[in-house]
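Colleague: missing the sequence, but the structure's below:
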């Protein structure tokens, strides 16, 4: 029983870490606009309308993760958003060391890996959605 409780608390902390922190990045972009993202997309010859993935991956998905609703698919959305940041913003240079000694993309890498971990773990019992345990949502 204690092992299950610890596991579910760990999943909740993971959800709060990913969803609770990522949503601030998305809200900032909603407030300041997405023109810089549209510019990055067109500079890589990608369709400009792909900017719509940013509110999905940085606002909608994190809120779902926080609530434990559609946690697995939302975690994949966050992970895909982070992969796009590697491609659009950082490139391979992002994997070099910053002035403080960490990788330049360490925050993006953190969100990528933790959201993938949450995908494999699921939301745990402390979630709004209590659907069929056999369905991976």
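Modeller: Yes, it's here. For clarity, every value in this text was computed on a predicted model and none was experimentally measured.
Colleague: just the buried positions in the helix or strand where residue 19 lies, please.
Modeller: Using DSSP states H and E, the element containing residue 19 is helix 2-32. Neighbour counts over helix 2-32 (16 or more other Cβ atoms under 10 Å) mark 8, 11-12, 14-15, 17-19, 22-23, 25-26, 29 as buried. Every C-beta, even on glycine, is put in place using the N, C-alpha and C of the backbone.
Colleague: pLDDT of that helix, averaged?
Modeller: Helix 2-32 comes out with an average pLDDT of 92.
Colleague: now the helix or strand that comes right after that helix: buried residues?
Modeller: Using DSSP H and E, the helix or strand that follows helix 2-32 in sequence is helix 35-43. Judged by neighbour count (16+ other Cβ under 10 Å), helix 35-43 contains these buried residues: 37, 38, 40, 41.
Colleague: skip the chain neighbours and tell me the closest residue to the first one.
Modeller: Meaning residue 37. Leaving aside its chain neighbours, residue 37 sits nearest to residue 51 (4.7 Å; criterion: Cβ to Cβ, 6 or more residues apart in numbering).
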